[in-house]
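Engineer: This is a predicted model, with the sequence first.
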Amino acid sequence: MPRYKTAIFLFLILSSFVFSAMSQNCNGFHAEYCKPYDDKTYNEYGKSRSALMIVNIPSYARIVFYGGKDYKLIFCTKDNKYPVHYIIKNIENNEVLYDNIIDDYIESVGFTVDKTQSFLIEMTVISDEKTDFENIEHRLCLGLQILWRKVGDLGFEKQP
């Protein structure tokens, strides 16, 4: 009887390791994988985030961008294997401010915000693969790293 209990106990322990290895944890993914070029003039914005995505299904983020700041948005997937299609819209009037499809799915964009505004960011990881992405093991992490800096005089930052 004790052997039987030991075998069951070991099976449960090993199973939990397998299941935890199969599930993906995207916490902090953006900080590790969406690294900007070595530019010390920008700070990480607290609205940066990561999410577990199903390809070809859009997800949305509402983000407030404060006036008088330059922003960089960097999108990434692990090993940048899949392109990310993102659209930035003004929430007030639903106007499309930027759609990266015109720049062949470029991974990052920079802009200046004069007055505080709320934007809706639509993000879709694109894939032509026939994999069943509905299964949890076939989903992937998407990171959105948002960087900011205070706008200098005339829109340019003074050299340190």
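Structural biologist: Happy to help now that I have it. Numbers count the residues shown, from 1 in each chain.

Engineer: got the contact list for Thr124?
Structural biologist: Counting by C-beta atoms under 8 Å, 6 or more residues apart in numbering, Thr124 touches 55-59, 84-86. No exception for glycine: its C-beta is placed from N, CA and C like everyone else's.

Engineer: Asp70 now?
Structural biologist: 42, 110-112, 148-151, 157.

Engineer: Now which of the contacts of Thr124 would you call buried?
Structural biologist: Neighbour-count burial (16 or more other C-beta atoms under 10 Å) is assigned, among these, to 55, 84-86.

Engineer: Considering these, which is situated nearest to Val64?
Structural biologist: Of all these, Val64 sits closest to Tyr86, with 17.4 Å by C-beta to C-beta.

Engineer: so where is this structure shaky, pLDDT-wise?
Structural biologist: Applying pLDDT under 70 to the chain picks out residues 1-24, 130-138, 153-160.

Engineer: The longest strand anywhere in the chain pairs with which strands?
Structural biologist: Counting residues, the longest strand in the chain under DSSP state E turns out to be strand 140-150. Applying DSSP bridges to the sheet, strand 140-150 is found paired with strand 43-44 (antiparallel), strand 49-53 (antiparallel), strand 69-77 (antiparallel).

Engineer: Let me know which of these is the nearest to Val96.
Structural biologist: Of all the strands paired with strand 140-150, it is strand 69-77 that lies closest to Val96, at 14.9 Å by C-beta to C-beta.

Engineer: which element follows that closest one toward the C-terminus?
Structural biologist: strand 84-90 (DSSP states H and E).

Engineer: and the next element down the chain from that next one?
Structural biologist: Following strand 84-90 toward the C-terminus (DSSP H and E): strand 96-99.

Engineer: So which elements touch the helix or strand following that following strand?
Structural biologist: Going down the chain from strand 96-99, the next helix or strand is strand 108-113, by DSSP H and E. If contacts are counted by 3 or more C-beta pairs under 8 Å, 6 or more residues apart in numbering; DSSP states H and E, strand 108-113 sits against strand 69-77, strand 96-99.

Engineer: Pull out the buried residues from the contacts of Asp70.
Structural biologist: 42, 148-149, 151.

Engineer: Just list the residues touching Asp99, thanks.
Structural biologist: Applying C-beta under 8 Å, 6+ apart, we find Asp99 in contact with 86-88.
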